[in-house]
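Trainee: the amino acid sequence is not available; the structure is as follows:
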């Protein structure tokens with residue numbers, strides 16, 4: 001029979017403890033901090049622009065309406081073509097107005113023919129009245145007859161001028177140069193003076209206007225930036241404007257700012273701005289939707305952040321994750337302005353020297369320590385360059 005020695009009994013508890021220690025699993029190795037790439041923010045001079053939606057409209061519009069009644073004898077233009085100022089568009093039958101003119105010319109000649117005899121009689125009776133050869137009343141009557149004759153000449157001359165003006169209105173000419181649209185009347189139509197419906201409409205397309213709206217809040221913001229010295233601009237810079245067409249392409253010609261309306265629309269809380277653009281190829285047509293880029297000024301110490309470093313939280317706020325003290329992740333709520341290529345212009349929430357995480361965002365959360373390296377890319381702007 002197998003015997004257990006006293007020594008084995010004494011070592012028993014230690015053997016059990018050692019066995020249990022051997023069965024306990026080893027602690028897992030500690031994971032290293034996640035690696036991220038950051039961009040250390042610097043300041044650079046940036047030309048700030050505002051993108052505003054708007055519509056194009058003709059710089060001049062002339063609605064062709066007759067100033068006399070009559071019958072349309074001919075039309076001298078092609079619909080949709082360009083017409084020059086002074087070119088003949090319509091011809092109203094001039095016959096009745098020429099007859100009135102001839103009648104007025106004859107009446108003037110008749111009135112002028114009577115004046116010499118009246119003047120001679122008035123002068124002769126005035127001389128005889130001085131020596132009391134005739135009565136003074138008779139001399140006064142002769143003088144009054146001369147004055148009536150001269151008044152009749154003036155009235156006849158005015159009637160002739162009125163007839164001449166009406167006759168000159170029978171040819172309808174283009175008051176401006178531009179593109180003429182559809183004709184609303186045909187040959188043989190009877191038209192009336194100053195009728196509500198225009199015969200045709202001419203629109204001047206070169207140059208062309210662009211009207212856009214800007215909120216009054218933006219105007220107040222810009223004034224504060226200028227008064228605080230954050231923005232600077234000279235008159236020539238603030239007069240420049242560029243245009244994006246409906247398909248997103250840039251318009252080849254640069255425009256100029258013309259004026260800003262003095263009142264705010266109470267319904268929209270915005271003001272109207274007008275710009276003028278050259279349109280030699282008539283690429284822009286009235287009524288087109290466009291987006292105007294207006295230069296606000298230059299911010300000498302603007303902060304640019306890569307767009308991949310800015311996200312949105314559940315509230316819709318723009319946020320950025322930065323590597324803060326102790327290499328721990330911090331969340332910053334930021335305010336972004338306009339875009340410059342693949343960067344945002346940050347107006348609040350970040351400072352020069354902050355390290356914004358641009359790669360590895362999905363691996364970190366606020367408060368977590370990280371190891372970081374500087375992000376390098378050919379798309380990064382130079383700190384001293386002006387971004388436009």
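Mentor: Structure's in. What do you need? Everything numeric in this text was worked out from a predicted model, so none of it was measured.

Trainee: the longest strand along the chain - contacts with which helices or strands?
Mentor: If you go by DSSP state E, the chain has its longest strand at strand 43-64. Contacts defined by 3 or more Cβ pairs under 8 Å, 6 or more residues apart in numbering; DSSP states H and E place strand 43-64 against strand 178-180, strand 200-215, strand 270-277, strand 289-306, strand 335-340. For every residue, glycine as well, the C-beta is placed using N, CA and C.

Trainee: report the inter-axis angle for the following helix or strand past that strand versus strand 200-215.
Mentor: Per DSSP states H and E, the first helix or strand lying C-terminal to strand 43-64 is strand 70-75. Per axes from the mean of the first three to the mean of the last three Cα atoms, to 10 degrees, the angle that strand 70-75 makes with strand 200-215 is 90 degrees.

Trainee: what about strand 70-75, distance to the chain center?
Mentor: 40 Å (Cα atoms, centre = their mean, to the nearest Å).

Trainee: same question for that strand, mean pLDDT?
Mentor: Strand 70-75 carries an average pLDDT of 95.

Trainee: so what does that strand touch, helix or strand wise?
Mentor: strand 88-92, strand 190-191.

Trainee: from the chain's centre, how far out does the shortest one sit?
Mentor: The reference is to strand 190-191. 40 Å.

Trainee: what's it in contact with?
Mentor: Applying Cβ atoms under 8 Å, 6 or more residues apart in numbering, the contact partners of strand 190-191 are 66, 69, 70, 71, 72, 92, 185, 199.

Trainee: mind putting these into CSV with neighbour count?
Mentor: Below are those laid out as CSV (neighbours: other Cβ atoms under 10 Å):
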residue, neighbour count
66, 20
69, 16
70, 22
71, 14
72, 20
92, 23
185, 18
199, 19
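
Trainee: pick out whichever of those sits closest to residue 131.
Mentor: residue 69 (59.2 Å; Cβ to Cβ).

Trainee: point out the most buried one among the helices and strands packed on strand 70-75.
Mentor: strand 88-92 (a mean of 20; mean count of other Cβ atoms under 10 Å).

Trainee: and the very next helix or strand once past that one, what other elements does it pack with?
Mentor: Using DSSP H and E, the helix or strand that directly follows strand 88-92 along the chain is helix 95-130. When contacts are defined as 3+ Cβ pairs under 8 Å, 6+ apart, helix 95-130 sits against helix 136-168.

Trainee: how is the chain partitioned into domains?
Mentor: If you go by automatic domain parsing, the domain ranges for the chain are 38-57+205-374, 66-92+170-197, 95-168.

Trainee: any chance of the ones you listed in TSV, with distance to residue 31 too?
Mentor: Output for those, formatted as TSV (distance: least, Cβ to Cβ, whole Å):
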stretch	distance to residue 31
domain 38-57+205-374	11
domain 66-92+170-197	72
domain 95-168	95
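
Trainee: dump the helices and strands packed on strand 43-64 into a markdown table; add mean pLDDT as well.
Mentor: Converted to a markdown table, the helices and strands packed on strand 43-64 look like this (pLDDT from 0 to 100):
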| stretch | mean pLDDT |
| --- | --- |
| strand 178-180 | 93 |
| strand 200-215 | 90 |
| strand 270-277 | 85 |
| strand 289-306 | 81 |
| strand 335-340 | 78 |
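
Trainee: minimum distance to residue 370: which of these has it?
Mentor: strand 289-306 (17.5 Å).

Trainee: who does that closest one pair up with?
Mentor: strand 43-64 (antiparallel), strand 231-232 (antiparallel), strand 240-244 (antiparallel), strand 343-348 (antiparallel) (DSSP bridges).

Trainee: quick revisit: possible to save the helices and strands packed on strand 43-64 as TSV with distance to residue 119?
Mentor: Putting the helices and strands packed on strand 43-64 into TSV (distance: least, Cβ to Cβ, whole Å) gives the following:
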stretch	distance to residue 119
strand 178-180	54
strand 200-215	52
strand 270-277	61
strand 289-306	71
strand 335-340	83
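
Trainee: thought residue 334 was touching residue 313?
Mentor: No: the pair residue 334 / residue 313 is not scored as a contact, 11.0 Å apart, by Cβ atoms under 8 Å.

Trainee: look at these two and report which has more neighbours.
Mentor: Remark: of residue 334 and residue 313, residue 334 carries more neighbours, 20 against 10, as counted by other Cβ atoms under 10 Å.

Trainee: please report how far the more buried one lies from residue 44.
Mentor: 17 Å (Cβ to Cβ, to the nearest Å).

Trainee: same question for residue 315.
Mentor: 30 Å.

Trainee: looking at the two, which is more packed in?
Mentor: With neighbours defined as other Cβ under 10 Å, residue 315 and residue 44 compare such that residue 44 has more, 20 against 7.

Trainee: and that one, bridged to which residues?
Mentor: Going by DSSP bridges, residue 44 forms beta bridges with residue 302.

Trainee: thanks a lot, catch you later.
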